[in-house]
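Visitor: give me coordinates for this.
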Amino acid sequence: MNIKQTFAIVFFAVALPFFFYSCSKDDDEIVTTPTEEEEEEDPVVITESVYTWIESEMRENYYWYSEIPAASSLNHKLGVLDFFDSLLSSKDGKHNDSSDYFYSYIESTSDVSASTKSISQTDYSYGFEFQIYNMVDQNDNPLGYSYAHILYVVPNSPASEAGIKRGMWITKIDGKNITESNYTTLLGSTATKFTMATFETDKRFVAAGDINISSARAIEDDPVHYHTIITDEKSGKKIGYLVYNHFTDSKTDGDEKYNKELLALSKEFAGVDEFVLDLRYNGGGLITCAQLLSTILAPSSALNQTFCNMTFNDKQSPRTYNLSYAKSLISTGTNLNLSKLYVLVSNRTASASELVINALRPYMGDANVILIGEQTEGKNVGSETFENTTYKWEMHPITCQIYNSKGESDFYVNGFTPKYQVAEIDHLDKIFDFGNTDEIMLSTAISIINGTYSATKASTRSTTTQLRRGKSSLERKATNGVVVDGIRQTAKQ
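Guide: Predicted coordinates for the structure are as follows:
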């Protein structure tokens, strides 16, 4: 049997032009399925051997393998996705009143393109990410339509060419209200017309006309989305600001394009007095990118010290692997030697983003990794990729837990709670372009830095319109935990 195992510590289930359909996610997950033409072109093989392969790999590698039901109780008549889910532990994923989904998942490789498997950020899209807000009445009853808030726009995309900008609102698609049945059109489709609006300081939506947008196409979503150095007039401090939207090292396998950007930026940021890292929309990515970014930001005393430890199940030998703040990683860049870091976070901040926060705390001090925003997701586990090329299935079970140098991990299983709590939904009139010092999250960070922060002002809601947060395009970049690419071979460096 032609079976291949790939290792990659990736804190997100790779961004796909099609959303994952293998997990049993909550109502916020966006789901699409492959077309009939795709299924006919590369059919998925399902035989008894597929079930045997799944069970064998899971019993050997799954972090909670001891909780897999006895072989005699397993049902091979289930579909592959349901069979895989039947093996999973209740400790896998989030299972509470607001969420019910596993981190581990399985998918057909006939639905996963070669570029996807290389974790390429070339995606079929209009070139913008969005958050859906469902309209409700004063009694919280749904009104049956929604608006889409633009979170960010990718350069050189149909959206950027049409003049769509962060903070704008789409209220209609081709003259029709946005609903459950058509919102996925926003992910990418044929040329169409969007009806736009803005949200004003007097707490109301104002029509902003129509925008014609060309057909979706392959776009490149560079994770190094925005960067600048701000000179604060009140304190005189130079503040580095970086919007980093996913932990990806390259556009294609091996070129390290995005890591090279980070290294070049480290030299531009050299000498800043303070640093604001914007991870609001970052659901994770490669652990090696998290390692690199943290090595750039860390105090110099952390260099060549432990970045994180990964602990696998007791069948694996050795069981624990270590990554360090290796000085060699930044040989073409520089270490900023920061003693304090301000991190902008949201409920979409997860996995590798949370690892950066957790891994820096032992060296900066808990109080000096300052979080601003909303409670993060809470994903402290990792997965590995196991591919069966004969039967065209690929599974990503959780296989390890991630700890910082002090052995800390469990405490953020429900996410990090920011010291300074600010939610975008409460300040929709202050969602401006990245780098605008009046933008709600950045302005909060700057006010903390220069000593003018007011908790009362920051917590004042500007939104009176009845909105409830719904689905988001960021879900197609959904995190599943940590996937490990060569880590077992290279972890001890």
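Visitor: give me the neighbour count for S317.
Guide: S317 has 6 neighbours, counted by other C-beta atoms under 10 Å. C-beta: built from backbone N, CA, C; applies to glycine.
Visitor: in three-state terms, label it for me.
Guide: coil (DSSP: H, G, I helix; E, B strand; the rest coil).
Visitor: any idea how far apart the tips of stretch 258-277 sit?
Guide: By C-alpha to C-alpha, to the nearest Å, the extent of stretch 258-277 from end to end equals 16 Å.
Visitor: what does stretch 154-170 give?
Guide: Stretch 154-170 end-to-end distance (C-alpha to C-alpha) = 16 Å.
Visitor: what of stretch 415-426?
Guide: 20 Å.
Visitor: and what of stretch 155-172?
Guide: 23 Å.
Visitor: for it, the distance to its chain's centre please.
Guide: Distance of stretch 155-172 from its chain centroid, counting by C-alpha atoms, centre = their mean, to the nearest Å, is 21 Å.
Visitor: domain ranges for the chain?
Guide: By the assignment in automatic domain parsing, the chain contains the domains 1-120+222-459+478-493, 122-219.
Visitor: and V422, how far from I440?
Guide: V422 sits 6 Å away from I440, going by C-beta to C-beta, to the nearest Å.
Visitor: can you pull out the helices in the stretch 101-250 of the chain?
Guide: Taking DSSP state H, counting those that start in this stretch, the helices of the stretch 101-250 of the chain run over residues 114-117, 158-162.
Visitor: other SSEs contacting the last one?
Guide: Other elements packing on helix 158-162 under the criterion 3 or more C-beta pairs under 8 Å, 6 or more residues apart in numbering; DSSP states H and E are strand 142-153, strand 205-213.
Visitor: still on that earlier bit, and the helices of the stretch 101-250 of the chain, which one's lowest on average pLDDT?
Guide: Lowest mean pLDDT within the helices of the stretch 101-250 of the chain: helix 114-117, a mean of 37.
Visitor: most distant residue from the centre of this structure?
Guide: S72 (38.1 Å; C-alpha atoms, centre = their mean).
Visitor: what's the residue most central in space within the chain sitting at in phi/psi?
Guide: Ranked by distance to the mean C-alpha position of the chain (C-alpha atoms, centre = their mean), the top residue is G283 at 1.2 Å. Note on G283: backbone dihedrals following degrees, to the nearest 10 are phi -90, psi 0.
Visitor: how near is it to E129?
Guide: Distance, G283 to E129, using C-beta to C-beta: 11 Å.
Visitor: between those two, which contacts overlap?
Guide: L474 (C-beta atoms under 8 Å, 6 or more residues apart in numbering).
Visitor: and the gap between the spatially closest residue to M135 that is not a sequence neighbour and S90?
Guide: Excluding the flanking residues, the one nearest M135 by C-beta to C-beta, 6 or more residues apart in numbering is L143, at 4.3 Å. Distance, L143 to S90, using C-beta to C-beta: 36 Å.
Visitor: next: F102.
Guide: 9 Å.
Visitor: which one of those two has more residues nearby?
Guide: F102 (23 against 9).
Visitor: K392 reaches S108, doesn't it?
Guide: Yes - the pair K392 and S108 qualifies as a contact (C-beta atoms under 8 Å) at a distance of 5.8 Å.
Visitor: more neighbours: which of these two?
Guide: S108 (22 against 19).
Visitor: isn't T385 up against H396?
Guide: Yes - contact criterion C-beta under 8 Å: T385 and H396 qualify, at 5.5 Å.
Visitor: just to revisit the earlier point, which one of the domains of the chain has the poorest average confidence?
Guide: Mean pLDDT, when computed for each of the domains of the chain, is lowest for domain 1-120+222-459+478-493, at a mean of 85.
Visitor: how far off centre is it?
Guide: For domain 1-120+222-459+478-493, the distance to the chain centre is 6 Å (C-alpha atoms, centre = their mean).
Visitor: heads up, I number from 861, so please use that
Guide: Right, with 861 as the first residue, what we last looked at is domain 861-980+1082-1319+1338-1353.
Visitor: before we move on, the earlier item: okay, the helices and strands packed on helix 1018-1022, which one's buried deepest?
Guide: Of the helices and strands packed on helix 1018-1022, the one with the most neighbours on average (mean count of other C-beta atoms under 10 Å) is strand 1002-1013, at a mean of 19.
Visitor: starting at the chain centroid, how far to it?
Guide: For strand 1002-1013, the distance to the chain centre is 20 Å (C-alpha atoms, centre = their mean).
Visitor: would you mark the buried spots in stretch 1019-1030?
Guide: Buried residues in stretch 1019-1030, counted by 16 or more other C-beta atoms under 10 Å: A1019, S1020, A1022, I1024, R1026, G1027, M1028, W1029, I1030.
Visitor: mind checking the end-to-end distance for that stretch?
Guide: 12 Å.
Visitor: show residues contacting it.
Guide: 986-988, 990, 1007-1014, 1038, 1046, 1054-1059, 1065, 1068, 1071-1074, 1291-1294.
Visitor: if you set the cut-off to 6 Å instead, what comes out?
Guide: Stretch 1019-1030 is contacted from outside by 986-988, 1007-1010, 1012-1013, 1054, 1056-1057, 1071, 1073, 1291-1293, using C-beta atoms under 6 Å, 6 or more residues apart in numbering.
Visitor: ditto for stretch 1153-1162
Guide: By C-beta under 6 Å, 6+ apart, stretch 1153-1162 touches 1126, 1185, 1189-1190, 1195-1199, 1216, 1219-1220, 1223.
Visitor: in helices, which of those residues fall?
Guide: In this view, the contacts of stretch 1153-1162 that belong to helices under DSSP state H are S1126, V1216, A1219, L1220, Y1223.
Visitor: thought the third one was touching F1167?
Guide: What it means is A1219. Yes - in terms of C-beta atoms under 6 Å, A1219 counts as a neighbour of F1167; the distance is 5.3 Å.
Visitor: and D1115, how many neighbours?
Guide: D1115 has 11 nearby residues by other C-beta under 10 Å.
Visitor: on the three-state scheme, it is what?
Guide: Classified using three-state DSSP, D1115 is coil.
Visitor: show me the contacts for V1103.
Guide: H1085, Y1086, D1138, F1294.
Visitor: so who does the first one touch?
Guide: Read that as H1085. Taking C-beta under 6 Å, 6+ apart, one finds V1103, N1105 in contact with H1085.
Visitor: over to the third one?
Guide: When contacts are counted by C-beta under 6 Å, 6+ apart, D1138 is found next to V1103, L1204.
Visitor: strands of the stretch 1211-1353 of the chain, residue ranges please.
Guide: 1229-1233, 1241-1243, 1245-1248, 1253-1256, 1258-1263, 1280-1281, 1327-1332 (DSSP state E, counting those that start in this stretch).
Visitor: can you check the stretch 1061-1210 of the chain too?
Guide: 1065-1073, 1077-1080, 1084-1091, 1098-1104, 1134-1138, 1166-1172, 1180-1184, 1201-1205.
Visitor: okay, those strands in CSV with distance to E1335 next?
Guide: Formatted as CSV, those follow (distance: least, C-beta to C-beta, whole Å):
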stretch, distance to E1335
strand 1065-1073, 21
strand 1077-1080, 18
strand 1084-1091, 18
strand 1098-1104, 19
strand 1134-1138, 20
strand 1166-1172, 26
strand 1180-1184, 28
strand 1201-1205, 17
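Visitor: no more questions from me, cheers.
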